[in-house]
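*Asks:* Build me a model:
(2 chains)
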Protein chains: 2
Amino acid sequence: MTVADIGEFGLIDRLTAALPADARATTSSVALDIGDDAAIWRPHASRDQVISTDALIESVHFRLDWTSWEDLGHKALAVNLSDLAAMGASPVLAVVTLGLRGDEQVVDLEAMYRGMGALAARHGVVIAGGDIVKSPERRMISVTAIGDVETGRALLRSGARAGDVIGVTGTIGASAAGLRILEQPHNYQTRTTAPKLIAAHLRPEPRIEAGRLLVEHGASAAMDLSDGLAGDLPKILVASGVSAVIEEEALPVIAAARALFSDSWRELALHGGEDYELVFTMARDKFASFRAAAERQGITVTAIGSIVVLDSGEPELHIRHENGHVEALPMGAFDHFG
Amino acid sequence: MTVADIGEFGLIDRLTAALPADARATTSSVALDIGDDAAIWRPHASRDQVISTDALIESVHFRLDWTSWEDLGHKALAVNLSDLAAMGASPVLAVVTLGLRGDEQVVDLEAMYRGMGALAARHGVVIAGGDIVKSPERRMISVTAIGDVETGRALLRSGARAGDVIGVTGTIGASAAGLRILEQPHNYQTRTTAPKLIAAHLRPEPRIEAGRLLVEHGASAAMDLSDGLAGDLPKILVASGVSAVIEEEALPVIAAARALFSDSWRELALHGGEDYELVFTMARDKFASFRAAAERQGITVTAIGSIVVLDSGEPELHIRHENGHVEALPMGAFDHFG
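*Replies:* Coordinates of the predicted model:
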């Protein structure tokens, strides 16, 4: 049986089980389950510390023919800060491992660090070292970011309860639309909205402030959208043991994607990855005050549905289409080895 | 100018300079210089937290024809715990990023996690998640480990002072000798000492307890030996602005390497990497009590020389050979892009 046979998520389960109980996060007081966006530990009397790690591999996660080195540096840090935002943590520092062939221009790598550094400085993050290794074929950039959050207040995936409203920050579908434009430049690159969509793909902005506000306003669960709403929301449903009904007409699909891809915008909105917005659940009576606080910070927030408990007891994700028809969406996320 | 032109250490300097001052560890209160074995930060009123990250790339850092998956898991964690040991920190948790082709056998990866898990459990470390990415050619395993240490007590490279004794834990040269045996099995593999030397290369043991004792006994500087004594000790000398004289006859070269490689054991001892022992400096009057405490824990410790300040003021590393001749060793460490 190979990795391709059982996929990324099957593999995670098998590897966790291969650890001795003492070294497993699930049975330890130090850290949370391997399944959340990041792990948490509590150094003595302090605030909780949160750690996230994400790697980008050349031609798997990025292509240098359409990604500038500066944008690559931005994105490598941004996807990690997004994981911290999803837990409601404030980022503190990051370490960077670079896998390089050796033929890279130093000025390109400096541009990468400028891109990373600008994002870091905006969020008070220090780039605190790392490792540089030889990677003869593909470049690799792996970032580990640390944040902190008030003790016991980190946002988990497991807290969604029946009756909670489901919300999303910002818009969805922009990054996937941008990727499609990059893949088919002759069809779309002249459209006036193309640069904005492409930028959403190349330079996602982590929702740090929204994560903080979600903690403050008592969200019950949250995560960031890296695999698309239909890929990620099920992770909250499974972790919380609940189901969801979302309303297609409420989805905050970015207008430019809807206009440019009139046949496939639903696909982009539900299955398009890398929006790095936050999806969350929250008791209904807290939602209006959270939304108002977010909007004061310039962050739009949209209610897209509700948490329910079905008779079957099994977690399911239902979508009510604009024509009123209700469809059960498959619960699996995108598997990189599928 | 490419990475190969300026090398790993030149690149680190350039990349650090490319960061805005706010995001640079050297100018921040949150973390130490990028040049130490690991970065440090202080979450509020707590103990200091230390973070280390190290990646292993297939056919660059390991070969699966002579490394078992279980040993690979052990070593990937061990090299990171060694960085924490070098700072005197006690490891708490680690996150793991795997770059996989997809054709790996799941049982092999489980074996890797068993190897990592056994080492983790022995040192009270929790494997708290990570990331699995597609890496189409070479496998990659990148580990980030976190430890903690009493506030302000982490061992740095910059504290060595004239008159300090220079000490080394355990023996040196074993890992490089083991690597040479693996590279030339027909010449050496039948020798009775071969398995022990090979094991030193494949399954290094991080010197966690020695690191703790170095903190307790007031060591002035420390680091772990990954690039060989002649490659690593200069990093302490440069960081501290001092020089050193070491005695060839005092070097704790493992006897098996001396016997097997009678022509080249000096080379293995001085330039052979990956021993993952600790080299440290300490005021002379503290040394005996530290050595006694270490030996009670089964850790041998050897004084190999002294910190001095030369008239030139420039850091230099001198070795007094067994024949009495004193030689100045080159100060550069092994460069993976050289």
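*Asks:* isn't A:His217 right next to A:Ala283, touching?
*Replies:* No: the pair A:His217 / A:Ala283 is not scored as a contact, 9.6 Å apart, by C-beta atoms under 8 Å. (Glycine included, C-beta is placed from N, CA and C.)
*Asks:* More neighbours: which of these two?
*Replies:* Counted by other C-beta atoms under 10 Å in any protein chain shown, A:His217 and A:Ala283 do not tie: A:His217 has more neighbours, with 18 against 15.
*Asks:* Which residues of the stretch 151-300 of chain A lie near chain B?
*Replies:* Not one residue of the stretch 151-300 of chain A sits near chain B, judged by C-beta under 8 Å from any C-beta of the partner chain.
*Asks:* All the strands of the stretch 151-300 of chain A, residue numbers only.
*Replies:* Here the stretch 151-300 of chain A has its strands, by DSSP state E, counting those that start in this stretch, at A:165-169, A:221-224, A:243-247, A:278-282.
*Asks:* Quick one: closest of those to B:Ile236.
*Replies:* For the strands of the stretch 151-300 of chain A, distance to B:Ile236 was read as C-beta to C-beta. The smallest value, 41.5 Å, belongs to strand A:221-224.
*Asks:* With adjacent residues omitted, what lies nearest to A:Ala85?
*Replies:* A:Gly211 (3.6 Å; C-beta to C-beta, 6 or more residues apart in numbering or on different chains).
*Asks:* which ones are touching the one you found?
*Replies:* A:Leu84, A:Ala85, A:Ala86, A:Met87, A:Gly88, A:Ala89, A:Leu155, A:Ala222, A:Leu278 (C-beta atoms under 8 Å, 6 or more residues apart in numbering or on different chains).
*Asks:* hmm, what's the outermost residue in chain A?
*Replies:* Largest separation from the mean C-alpha position in chain A: A:Asp103, at 31.9 Å (C-alpha atoms, centre = their mean).
*Asks:* Okay, that residue and A:Leu109: tell me how far apart.
*Replies:* 11 Å (C-beta to C-beta, to the nearest Å).
*Asks:* Now stretch A:125-141: buried residues?
*Replies:* A:125-135, A:138-141 (16 or more other C-beta atoms under 10 Å in any protein chain shown).
*Asks:* In strands, which of these fall?
*Replies:* A:Val126, A:Ile127, A:Ala128, A:Gly129, A:Gly130, A:Asp131, A:Ile132, A:Val133, A:Lys134, A:Met140, A:Ile141 (DSSP state E).
*Asks:* which two from these end up farthest apart in space?
*Replies:* Among those, A:Val126 and A:Lys134 lie farthest apart (C-beta to C-beta), at 26.2 Å.
*Asks:* Pick out the residue nearest the middle of chain A.
*Replies:* Closest-to-mean residue, chain A, C-alpha atoms, centre = their mean: A:Asp224 / 3.2 Å.
*Asks:* For it, which non-adjacent residue is spatially closest?
*Replies:* For A:Asp224, ignoring the flanking residues on the chain, the nearest one in space by C-beta to C-beta, 6+ apart is A:Ala86 at 4.0 Å.
*Asks:* go on, A:Arg258?
*Replies:* Nearest one to A:Arg258, counting by C-beta to C-beta, 6+ apart, is A:Trp265 at 4.6 Å.
*Asks:* what's the spacing between A:Glu295 and A:His61?
*Replies:* For A:Glu295 relative to A:His61 (C-beta to C-beta), the value is 33 Å.
*Asks:* neighbour count winner among those two?
*Replies:* A:His61 (21 against 11).
*Asks:* Am I right that that one is in contact with B:Val133?
*Replies:* Yes: the pair A:His61 / B:Val133 is scored as a contact, 7.1 Å apart, by C-beta under 8 Å.
*Asks:* what are the ranges of the helices in chain A?
*Replies:* A:3-18, A:69-86, A:106-122, A:174-183, A:185-188, A:194-202, A:208-216, A:229-240, A:255-260, A:265-271, A:284-296 (DSSP state H).
*Asks:* out of those helices, nearest to B:Glu249?
*Replies:* Closest to B:Glu249 of those is helix A:106-122 (C-beta to C-beta; 43.0 Å).
*Asks:* Can you list the buried residues in that closest one?
*Replies:* Those buried within helix A:106-122 under the rule 16+ other C-beta under 10 Å are A:106, A:109-121.
*Asks:* Pipe those residues into a markdown table and attach pLDDT and distance to A:Arg191 per row.
*Replies:* Below are the buried residues of helix A:106-122 laid out as a markdown table (pLDDT from 0 to 100; distance: C-beta to C-beta, whole Å):
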| residue | pLDDT | distance to A:Arg191 |
| --- | --- | --- |
| A:Val106 | 92 | 36 |
| A:Leu109 | 93 | 33 |
| A:Glu110 | 93 | 33 |
| A:Ala111 | 94 | 27 |
| A:Met112 | 94 | 29 |
| A:Tyr113 | 92 | 32 |
| A:Arg114 | 93 | 29 |
| A:Gly115 | 95 | 26 |
| A:Met116 | 94 | 30 |
| A:Gly117 | 93 | 32 |
| A:Ala118 | 94 | 28 |
| A:Leu119 | 96 | 27 |
| A:Ala120 | 94 | 33 |
| A:Ala121 | 92 | 33 |
